[in-house]
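Undergrad: Pasted the sequence and its predicted model underneath.
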Amino acid sequence: MRRLRVDWPACKAHGLCAEVLPERVHLDDWGYPVVTGDVPEDLLRLAKAAVSACPVNALRLNPLKEKS
Amino acid sequence: MSVLARTEELLSRPWTLSYQEHLDAHGTLPALAPHEVIALAEGAGLRGRGGAGFPLARKLRTAAQGRGRPLVIANGTEGEPAIRKDSTLLMHVPHLVLDGLALAARAVGARESLIAVHSGLVAEAVTQAVAQRPDRVQVHVVPPGYLSGEASALTRSVLGGPALPFVRDVPLAVRGPQGRPVLVQNVETLASLALQARFPGRPPTVLLTVRGRDVQVLEVKIGVTIGAVLDTAGETDVQAVLAGGYAGTWLSAPRALDVPVSHAAGTLAAGLLLVLPHDACGVSAVAQLARYLAGQSAGQCGPCANGLPALAAAWELLAAGDPPAGTVDRIERLAGLIDGRGACGLPDGAAVMARSALEAFADDIVVHRTGPCGRRSAELPR
Ligand code: SF4
Ligand code: SF4
């Protein structure tokens, strides 16, 4: 399982991530991504595609880790 | 019966402004090993007093175990206009804070420590205090504003960048912008640590800014009720209370009076207890707060830049009375849209404030459906 994170200051609401990975990302009223859940193994390839589709590198795919 | 909530551990009398006065009043700081400092923080259950309430011992341990020499920053900024407790502490007992900073630096093996403040009287007091001490501490003055004291914004400012929050993949205490760990700790937390080093086992106290008819900084034991604090402060005209900070939780009286001031109850945060008197309109107070928070947004994250002004506008419609149909639903939806979707906690806090206000002022909101309630507009410090 991996976690999608948006670099909010970088994100410019291009919305490509939601087109590539509608299973986990939709867009809010203003066109910014809403992440709807973590990414399981079978969605990993699509999630990676969504990350590279973002023109401003604002989407990240991180390992799940505890906060400290 | 009045329950005296006041204690005097942190805000000792007389004020100890010079280093010598401080040593006379508090004694020398015991030489502790790093693990002993962490054990003290753990034993006393100290938590961050800047707002987030994160356990100090865990953060110290994380920074101590990180790669590279940590940078330690005492956060003495106080960007929120209603809060006075940190500046009061720094103006009264600056050396207690600086002792705590020295302990934290020791705990994590840091060679560099800094204290960050906003410009003005506090910066002057801190600069004078630092100059009297044997240890080396830098004073860093950050630009004014609500956000410049946010941990990641502060770190960036200290490292020469703009005072704007950034998204972290891992906590600053694990890895900061330069790779090495950065420990940012509120000044009150550090002062508590310095007291623990001298009087291990004494129950830690916390500072509150109580704002009603007067503005007072009170020191209390964690867990006292809001009612006991307001009683001690002499605030008797209580319609509702905003607890924690501007991005805090609204509670309506009389229920609010029985709620404890604690991390667990979510009422401690940055230590504000703002009293709304009976003759003031709560909905107008919320609208002002929502507008204030929208104005503090750095505008760099889309959901925050769009959602906070939209939230403020919705509350303003409600405050004016006879709002368009669906305004309350819209507030709920907007709170959901901003929560957790920014580089810093501002939108999350605005969501907490808005949601708690819907509950605390539910009856007033019903009145506002047909028109203004007729009470005077609240006046909040901005
Ligand atoms: S593609 Fe990138 S910039 Fe566009 S909405 Fe997604 S994260 Fe934001
Ligand atoms: S969440 Fe809002 S206040 Fe925080 S950094 Fe982003 S735009 Fe600025």
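TA: Done, it's in. Ligands and ions are numbered 1, 2, ... in the order given.

Undergrad: ok, the nearest residue to B:Met91 once chain neighbours are set aside - contacts?
TA: Excluding its sequence neighbours, the residue lying closest to B:Met91 (Cβ to Cβ, 6 or more residues apart in numbering or on different chains) is B:Ala125, at 5.3 Å. C-beta: built from backbone N, CA, C; applies to glycine. B:Ala125 sits next to B:17, B:90-91, B:94 when contact means Cβ atoms under 8 Å, 6 or more residues apart in numbering or on different chains.

Undergrad: what would those look like in TSV with neighbour count and pLDDT?
TA: TSV is the format used below for the contacts of B:Ala125 (neighbours: other Cβ atoms under 10 Å in any protein chain shown; pLDDT from 0 to 100):
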residue	neighbour count	pLDDT
B:Leu17	17	78
B:Leu90	26	94
B:Met91	16	91
B:Pro94	29	94
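
Undergrad: Show me those residues that map onto strands.
TA: Among those, none falls in strands (DSSP state E).

Undergrad: Doesn't the residue nearest to B:Met91 belong to a strand?
TA: No. Counting by DSSP: H, G, I helix; E, B strand; the rest coil, B:Ala125 falls outside a strand, being helix.

Undergrad: how much space between it and B:Val215?
TA: Here B:Ala125 is placed at a distance of 19 Å from B:Val215 (Cβ to Cβ, to the nearest Å).

Undergrad: can you pull the contacts of the residue of the stretch 151-300 of chain B found nearest ligand 2?
TA: Closest residue of the stretch 151-300 of chain B to ligand 2, Cβ to the nearest ligand atom: B:Ala298 (3.0 Å). For B:Ala298, the contacting residues are B:147, B:164-165, B:304, B:344, by Cβ under 8 Å, 6+ apart.

Undergrad: Quick one: the strands in the stretch 101-250 of chain B, in order.
TA: Ranges of strands in the stretch 101-250 of chain B, per DSSP state E, counting those that start in this stretch, are B:112-118, B:138-142, B:182-186, B:205-211, B:215-221, B:240-244, B:249-252.

Undergrad: so where is chain A shaky, pLDDT-wise?
TA: A:66-68 (pLDDT under 70).

Undergrad: Would you tell me which residues of it are close to chain B?
TA: A:5-13, A:28-32, A:34, A:60, A:62, A:65, A:67-68 (Cβ under 8 Å from any Cβ of the partner chain).

Undergrad: Could you pick out the buried ones from these?
TA: A:6-11, A:28, A:32, A:34, A:60 (16 or more other Cβ atoms under 10 Å in any protein chain shown).

Undergrad: So which of those sit within strands?
TA: Short answer: these in strands (DSSP E) are A:6, A:34, A:60.

Undergrad: Need those in CSV (columns: distance to B:Ala64).
TA: Converted to CSV, those look like this (distance: Cβ to Cβ, whole Å):
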residue, distance to B:Ala64
A:Val6, 31
A:Val34, 37
A:Arg60, 27
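
Undergrad: Which of the three states applies to the residue in the stretch 151-300 of chain B that chain A sits nearest to?
TA: Residue of the stretch 151-300 of chain B nearest chain A, by Cβ to the nearest Cβ: B:Gln300 (4.1 Å). Secondary structure for B:Gln300, judged by three-state DSSP, is coil.

Undergrad: Just to check, it is in contact with B:Pro347?
TA: No. Applying Cβ atoms under 8 Å, one finds B:Gln300 not in contact with B:Pro347, separated by 11.7 Å.

Undergrad: Which one's more surrounded, those two?
TA: For B:Gln300 versus B:Pro347, neighbours defined as other Cβ atoms under 10 Å in any protein chain shown are more numerous around B:Pro347 (29 against 19).

Undergrad: Doesn't the more buried one lie inside a helix?
TA: Yes. Counting by three-state DSSP, B:Pro347 is located in a helix.

Undergrad: so who does it touch?
TA: Taking Cβ under 8 Å, 6+ apart as the test, what B:Pro347 contacts is B:297, B:301, B:303-304, B:307-308, B:338-341.

Undergrad: what's the distance between it and A:Ser52?
TA: 28 Å.

Undergrad: Can you list the residue ranges for helices in chain A?
TA: A:16-20, A:44-53 (DSSP state H).

Undergrad: how about these, which one is nearest ligand 2?
TA: Of all those, helix A:16-20 comes closest under Cβ to the nearest ligand atom, at 18.4 Å.

Undergrad: Output the contacting helices and strands for the closest one.
TA: Contact here means 3 or more Cβ pairs under 8 Å, 6 or more residues apart in numbering or on different chains; DSSP states H and E; on that basis helix A:16-20 packs against strand A:25-27, helix A:44-53.

Undergrad: partners of the shortest one, with directions?
TA: When pairing is defined by DSSP bridges, strand A:25-27 lines up against strand A:33-35 (antiparallel).

Undergrad: Give me the contact list for the partner strand.
TA: Against strand A:33-35 from outside (Cβ under 8 Å, 6+ apart): A:4-6, A:11, A:15, A:17-18, A:24-28, A:59, B:337, B:341.

Undergrad: ok, 10 Å please
TA: A:3-6, A:8, A:11, A:13-18, A:21, A:24-28, A:50, A:54, A:58-59, B:302-303, B:336-337, B:340-341 (Cβ atoms under 10 Å, 6 or more residues apart in numbering or on different chains).

Undergrad: which of those residues come close to ligand 2?
TA: Filtering those for neighbours of ligand 2 using Cβ under 6 Å from any ligand atom leaves A:Trp8.
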